[in-house]
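In: what would the 3D arrangement of this be:
(chains A, B, C and D)
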Number of protein chains: 2
Amino acid sequence: MGKGDETRQTILDEALALCSQVGVSGLSIGSLADKAGMSKSGVFAHFGSKEELQIAVMRESQQRFVDIVVRPALKAPRGIARLRAIFTNWLDWTERARLPGGCPMNAAAQEFDDQPGPVRDAVEAGLADGHRLLANAVRMAIEAGELRPDTDIDQFVFEFTGLTLANMQSKRLFKDRDANRRALDAFERLVRDYSPQGKE
Amino acid sequence: MGKGDETRQTILDEALALCSQVGVSGLSIGSLADKAGMSKSGVFAHFGSKEELQIAVMRESQQRFVDIVVRPALKAPRGIARLRAIFTNWLDWTERARLPGGCPMNAAAQEFDDQPGPVRDAVEAGLADGHRLLANAVRMAIEAGELRPDTDIDQFVFEFTGLTLANMQSKRLFKDRDANRRALDAFERLVRDYSPQGKE
DNA sequence: ACAAAAAACGAACGGTCGTGCTAAAAAGCC
DNA sequence: GGCTTTTTAGCACGACCGTTCGTTTTTTGT
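Out: Purely as a prediction, here's the structure:
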């Protein structure tokens, strides 16, 4: 198909940027239509309901995350190098993705964590997918002998994501210019703790 | 004063619970009035504007956090024991505070991080205060000789809060029953890394 | 008990929300 | 170029939003 999908993509781009600032439930069809230079019903027709729009935004966010954070990191060799590439890409992925208000998915996770429904499902699926990709990278690092064989993969992922969350809060709320450095230092400490020739 | 402040407190209690579920910007005066069994204008009169209500909720949230997380931990001796007490209290403080939807302050931090104004200021002040209290506890642990003298306090706080954030996401979005254990394991590893007789 | 003050109510306002429905415009196809 | 299909606009709807105002109820002080 032609024109339809094209403007749908345009709308989604605007929706993602807007959503990053006001949240996925704060995103309204009227304001989105203004940003996209369209009528309210014109935007509406592309999704059929607000819920479908929200789900589409989450999916788009997930895909863009993969494109910006995960895919480029695959050029790094398997092991800690690739883990580090994922991590550094993660730290400022929202800026590279032109999302002025931070990660829409993480924001949505907070908004919808106790609001069952398809939107929540999409958010959970999106973040779970990220964790799965990350877990795979950790497993490869273990297989490459760069992390201890008895490394608890889920534990590693848990701490890894904790650092990205702390980084976002530090950077966005406290405008801390040292946030990235702090996160990177913590990452290196994390890797060192789980490395075979490391301490213990 | 009498009756006024009393019902104001009742309203704030309901507001906190409601806010934890729908977020601080999703909280509406109408629904809050329903929960409190009052009229919309009756609730409104106590705060004068929605913004003032939001600020009041943030302040109340902060105070309750101190009451539930920080104050009880002061019974533990200075040092790592107290840090651990703060941490464990932190992990499930929202349940003990009867906040069914998670920490309102953290949610607000995401919603308002790029929306300047008094609400954002209140959020930042509240979280900064928490960080300050935590930093003090870390400093005491250093002075007690239980953490290395060259410990970067802000770095420690950064990683500490990262664990609490990961814990909340794990628990609330993924319903992970191992979240607390994961967080505690990570905490012990964190402390060990910065302890004088630890590795390195 | 009674007057003064405080607090809660009820109705109304202009706005915006999501969502239908119908008509106009644009795009795709022969 | 005309015809069909797709895409967009315009308008209206009921619901809820924050806020204002005048009235009524409740509390307070004496």
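In: helices or strands up against the one helix or strand residue A:188 maps to?
Out: Using DSSP states H and E, residue A:188 sits within helix A:179-194. Here helix A:179-194 touches helix A:80-91, helix A:153-172, helix B:153-172, helix B:179-194, going by 3 or more C-beta pairs under 8 Å, 6 or more residues apart in numbering or on different chains; DSSP states H and E. C-beta: built from backbone N, CA, C; applies to glycine.
In: and the helix ranked longest in chain A, does that touch DNA strand C?
Out: The residue-count maximum for a helix in chain A (DSSP state H) belongs to helix A:118-143. No: on the criterion C-beta under 7 Å from any atom of the strand, helix A:118-143 is out of touch with DNA strand C, staying 11.8 Å away.
In: show me which positions of that helix end up buried.
Out: Across helix A:118-143, burial judged by 16 or more other C-beta atoms under 10 Å in any protein chain shown covers A:119-120, A:122-124, A:126-127, A:130-131, A:133-134, A:137-138, A:140-142.
In: which residues touch the nearest residue to residue A:87 once chain neighbours are set aside?
Out: What sits nearest to residue A:87 in space, not counting adjacent residues and going by C-beta to C-beta, 6 or more residues apart in numbering or on different chains, is residue A:187, at 5.2 Å. By C-beta atoms under 8 Å, 6 or more residues apart in numbering or on different chains, the contact list for residue A:187 reads A:84, A:87, A:160, A:163.
In: what separation is there between residue A:187 and DNA strand C?
Out: 39 Å (C-beta to the nearest atom of the strand, to the nearest Å).
In: just to revisit the earlier point, can you tell if the longest helix of chain A touches chain B?
Out: Yes: interface with chain B: helix A:118-143 contributes A:123-124, A:127-128 (C-beta under 8 Å from any C-beta of the partner chain).
In: give me the distance from that helix to the chain's centre.
Out: Put simply, helix A:118-143 sits 10 Å off its chain's centre (C-alpha atoms, centre = their mean, to the nearest Å).
In: just the element for the residue of chain A found nearest DNA strand D, please.
Out: Per C-beta to the nearest atom of the strand, residue A:4 is where chain A lies closest to DNA strand D, at 2.0 Å. Residue A:4 is part of helix A:3-22 when elements are defined by DSSP H and E.
In: whichever helix or strand comes after that helix packs against which elements?
Out: For helix A:3-22, the succeeding helix or strand toward the C-terminus, using DSSP H and E, is helix A:29-36. Of the remaining helices and strands, those touching helix A:29-36 by 3+ C-beta pairs under 8 Å, 6+ apart are helix A:3-22, helix A:40-45, helix A:50-65.
In: how about 7 Å then?
Out: Helix A:29-36 sits against helix A:3-22, helix A:40-45, with contacts defined as 3 or more C-beta pairs under 7 Å, 6 or more residues apart in numbering or on different chains; DSSP states H and E.
In: what angle separates the helix or strand bottoming out on mean pLDDT in chain A from helix A:50-65?
Out: Counting by mean pLDDT, DSSP states H and E, chain A has its least confident helix or strand at helix A:3-22, which shows a mean of 93. Orientation check (axes from the mean of the first three to the mean of the last three C-alpha atoms, to 10 degrees): helix A:3-22 against helix A:50-65 gives 90 degrees.
In: so what does helix A:3-22 touch, helix or strand wise?
Out: Helix A:3-22 is packed against helix A:29-36, helix A:50-65, helix A:104-112, with contacts defined by 3+ C-beta pairs under 7 Å, 6+ apart.
In: quick check, pLDDT for residue A:183.
Out: The model reports residue A:183 with a pLDDT of 98.
In: if you tally nearby residues, what's the number for it?
Out: Residues lying near residue A:183 (other C-beta atoms under 10 Å in any protein chain shown) number 26.
In: give me the number of residues near the closest residue to it other than its chain neighbours?
Out: Counting by C-beta to C-beta, 6+ apart, residue A:167 is the residue found nearest to residue A:183 once chain neighbours are left out, at 4.1 Å. Neighbour count for residue A:167, taken as other C-beta under 10 Å: 26.
In: again with residue A:147
Out: Around residue A:147 sit 24 other residues, with neighbours defined as other C-beta under 10 Å.
In: doesn't residue A:194 make contact with it?
Out: Yes: with contacts counted by C-beta atoms under 7 Å, residue A:147 reaches residue A:194, the gap being 4.9 Å.
In: where does chain A have low pLDDT?
Out: Where chain A drops to pLDDT under 70, the residues are A:1, A:198-200.
In: in it, which residue is most central in space?
Out: residue A:65 (5.1 Å; C-alpha atoms, centre = their mean).
In: contacts only, for that one.
Out: Residues near residue A:65 by C-beta atoms under 7 Å, 6 or more residues apart in numbering or on different chains: A:93, A:130.
In: ok, which residues in chain A are in contact with DNA strand C?
Out: Contact residues, chain A versus DNA strand C (C-beta under 7 Å from any atom of the strand): A:2-3, A:27-31, A:40-41, A:44-45, A:49-51.
In: narrow those to just the buried residues.
Out: Buried members of the residues of chain A next to DNA strand C, scored by 16+ other C-beta under 10 Å, are A:27, A:29, A:44.
In: contact partners for the nearest residue to the first one once chain neighbours are set aside?
Out: The reference is to residue A:27. Distances taken as C-beta to C-beta, 6+ apart place residue A:19 nearest to residue A:27, at 4.7 Å, with adjacent residues excluded. Residues near residue A:19 by C-beta under 7 Å, 6+ apart: A:27, A:57, A:104.
In: let me have the buried ones among the residues of chain A next to DNA strand C in a markdown table, extended by distance to residue B:11.
Out: Listed next are these as a markdown table, based on distance: C-beta to C-beta, whole Å:
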| residue | distance to residue B:11 |
| --- | --- |
| A:27 | 29 |
| A:29 | 32 |
| A:44 | 36 |
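In: related to what we said a few turns ago, in the least confident helix or strand of chain A, what's buried?
Out: Within helix A:3-22, the residues that count as buried by 16+ other C-beta under 10 Å are A:8, A:11-12, A:14-22.
In: same deal with stretch A:103-118?
Out: Neighbour counts over stretch A:103-118 (16+ other C-beta under 10 Å) mark A:103-113 as buried.
In: ok, stretch A:85-99 next?
Out: Buried positions in stretch A:85-99, judged by neighbour count with 16+ other C-beta under 10 Å: A:85-94, A:97, A:99.
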